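> I would like the atomic coordinates for the input below:
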Amino acid sequence: MSRYRLFVFTLIVGLLSALSLSTVSACGGLFCANIPVAQQGERIIFTINDDETVTAYVQINYTGDAPDFSWVVPVPSVPLVDVAEIATFDEIAAITDPIFMPPPMPNCAPIPQPAMADFDDSDVVEESATAGEVTVLSTGTAGPYAFDVITSDDPDALVVWLRENNYRVEVEMEPFIDVYTAEGMVFLAMKLQPDQGAQDIQPVVMTYNSTQPVIPIRLTAVAANPNMVIQTWVFGDHQAVPTNYAHPEIDMNNMRVSWGSFDGTNYEWLLNQTIDLYQGRAFITEYAQPAENLSDFVRINDELLKDLAENYDYVTRLVGRMSPEEMTADPGFAINDDMRPVSNLYDLTDMNSEIFWGCEDVPIQIFYDESAVPDSFND
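Sure thing, here's the model as predicted:
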């Protein structure tokens, strides 16, 4: 086997390993379960609709007992609730993942070595709150879920109502309920129906009155792992950009082979280091193209994804990475029709092969880009 083919084999194995890790116990972020599950990542698809509504498709990965599952999320209005399939997320992720065309491997390149990853869980304690008046705005079922939409001027009353109605709420989340209540949000609370098990959990679909997608990331901090990846796709008229987070680019001149991580290149490291310059308050665009381009090189199999590609003009994939202490502001996104397209295919064949393949030890410098910071960054 040639050295170049060995690298390609290594890259494939690394990608398969990454896919297997992506299914580690998680709860879609936001707010769920009596013991928060260590979240490795979060995947959300937004559509910005013509009737001044936003639809959010949220992947929920959960490992645990069915009675312990609950999912509570703040929304700006009473939502229409439905379910989707995990296949939609898997297919759009595969189509829009970054692809790298490396320069030829020189004879001086070393041989890759695999690396292992460790994951931790965390424990929580429950406490009670004082009761008050809660209004149930909507109730119903969707797929395996039963749900209620509730509101109250008293956040303590919300906590009591949720617990009395078998929605598990951790004490660490109570301050965030206070914040979202003060901001005028209502709460969608979901749990599994009595005849449903944890294996029946599906992605949740919410359509609510809004013109701007927002991720309520502050609630995610309770159960998130350090450097949690947030993948977001936005379908709309044009490219979507973050409104209150920085929007830097990765300098591809710093691309190197990452021999020790078994993931092919140092792209993930560069992404992490770039976002860290903004204290986790940054999203990087990995793909931004007309939605019809999704089927340029592969056939779309998922019916929902086909529908999204046909009914929306543009799709943007943005990725963030932040630790719990950095989740202090909910990221929002807006359409900007003055942005250049972004391809997920990176042609690195013209790079210095000895630098890329690690024959030369060239220092990497990552620069803070003030122009990438929006005016609302410190809001």
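> How about the one helix or strand Tyr346 maps to, which residues are buried there?
Element membership for Tyr346, per DSSP states H and E: strand 345-347. Neighbour counts using 16 or more other CB atoms under 10 Å place Tyr346 of strand 345-347 among the buried residues. Every residue, glycine included, has its C-beta placed from N, CA and C.
> next structured bit after that strand?
Following strand 345-347 in sequence, per DSSP H and E, is helix 353-356.
> Touching that next one from outside, list them.
The contact list for helix 353-356 (CB atoms under 8 Å, 6 or more residues apart in numbering) reads Pro102, Pro103, Pro104, Met105, Pro106, Cys108, Met255, Arg256, Val257, Leu348, Glu360, Val362.
> coming back round to it: now the strand holding Tyr346: average pLDDT?
Strand 345-347 shows a mean pLDDT of 93.
> list the helices and strands that strand packs on?
Strand 345-347 sits against strand 99-101, with contacts defined as 3 or more CB pairs under 8 Å, 6 or more residues apart in numbering; DSSP states H and E.
> Can I have the buried ones of the contacts of helix 353-356 as a PyMOL selection?
Buried members of those, defined by 16+ other CB under 10 Å, are picked up in PyMOL with:
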select buried, resi 102+103+105+255+256+257
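> show me what contacts Glu165?
Rather than Glu, residue 165 is Asn. Residues in contact with Asn165 (CB under 8 Å, 6+ apart) are Asp148, Ala189.
> May I have the phi/psi pair for it?
phi -100, psi 20 (degrees, to the nearest 10).
> Give me the pLDDT value at it.
94.
> Do I have it right that Ala334 meets Gln239?
No. With contacts counted by CB atoms under 8 Å, Ala334 stays clear of Gln239, the gap being 10.1 Å.
> Look at these two and report which has more neighbours.
Gln239 (24 against 17; other CB atoms under 10 Å).
> Any figure for the gap between that one and Arg43?
Going from Gln239 to Arg43 by CB to CB, to the nearest Å gives 19 Å.
> Remind me what the one helix or strand Thr285 maps to packs against, helices and strands.
Per DSSP H and E, Thr285 falls inside strand 283-290. Applying 3+ CB pairs under 8 Å, 6+ apart, one finds that strand 283-290 contacts strand 240-242, helix 267-276, strand 314-322.
> Can I get those in a markdown table including distance to Asp156?
Formatted as a markdown table, the helices and strands packed on strand 283-290 follow (distance: least, CB to CB, whole Å):
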| stretch | distance to Asp156 |
| --- | --- |
| strand 240-242 | 33 |
| helix 267-276 | 36 |
| strand 314-322 | 29 |
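> mind checking which of the ones you listed is nearest Met339?
Nearest of the helices and strands packed on strand 283-290 to Met339, taken as CB to CB: strand 240-242 at 6.4 Å.
> Okay, now the unreliable bits of the stretch 251-379 of the chain?
Scanning the stretch 251-379 of the chain for pLDDT under 70 picks out 259-263, 379.
> and if we set it to 80?
258-264, 378-379 (pLDDT under 80).
> Just say helix, strand or coil for Gly64.
At Gly64 the chain is in coil, as set by DSSP: H, G, I helix; E, B strand; the rest coil.
> Neighbours of it, how many?
Other residues lying near Gly64 total 16 when counted by other CB under 10 Å.
> How about Val58?
Neighbours of Val58 under the rule other CB under 10 Å: 21.
> returning to what we had before: please compute how far the strand holding Tyr346 lies from its chain's middle.
Offset of strand 345-347 from its chain centre (CA atoms, centre = their mean, to the nearest Å): 23 Å.
> Any chance you could list what contacts that strand?
Pro98, Ile99, Phe100, Met101, Met252, Met255.
> Chain neighbours aside, what residue packs nearest to Glu326?
Among residues not flanking Glu326 along the chain, Gly280 sits closest, at 3.1 Å (CB to CB, 6 or more residues apart in numbering).
> OK, contacts around the one you found?
Contacts of Gly280 by CB under 8 Å, 6+ apart are Gly320, Arg321, Met322, Ser323, Glu326, Met327.
> ok, of these, which one's closest to Asp302?
Closest to Asp302, out of all of the contacts of Gly280 and judged by CB to CB, is Gly320, at 24.1 Å.
> Walking through this protein, point out its helices one by one.
Applying DSSP state H to the chain gives helices spanning 3-21, 86-96, 155-164, 174-182, 267-276, 303-311, 353-356.
> Out of the ones you listed, which is the most enclosed?
Compared across the helices of the chain, helix 155-164 shows the largest average neighbour count, a mean of 20 (mean count of other CB atoms under 10 Å).
> Could you pull up the residues touching the spatially most central residue of the chain?
Central residue of the chain (CA atoms, centre = their mean): Ile230, 2.6 Å from the mean position. With contact taken as CB under 8 Å, 6+ apart, Ile230 is in contact with Gly29, Gly41, Glu42, Ile44, Ile215, Ile217, Phe283, Val319, Gly320, Arg321, Met322, Pro331.
> Buried subset of those residues, written for PyMOL?
Burial among the contacts of Ile230 is assessed by 16+ other CB under 10 Å; the matching PyMOL selection reads:
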select buried, resi 29+41+42+44+215+217+283+319+320+321+322+331
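> Quickly name whichever of the contacts of Ile230 is closest to Ala291.
Using CB to CB, those come closest to Ala291 at Ile44, 16.8 Å.
> Many thanks, I have nothing further to ask.
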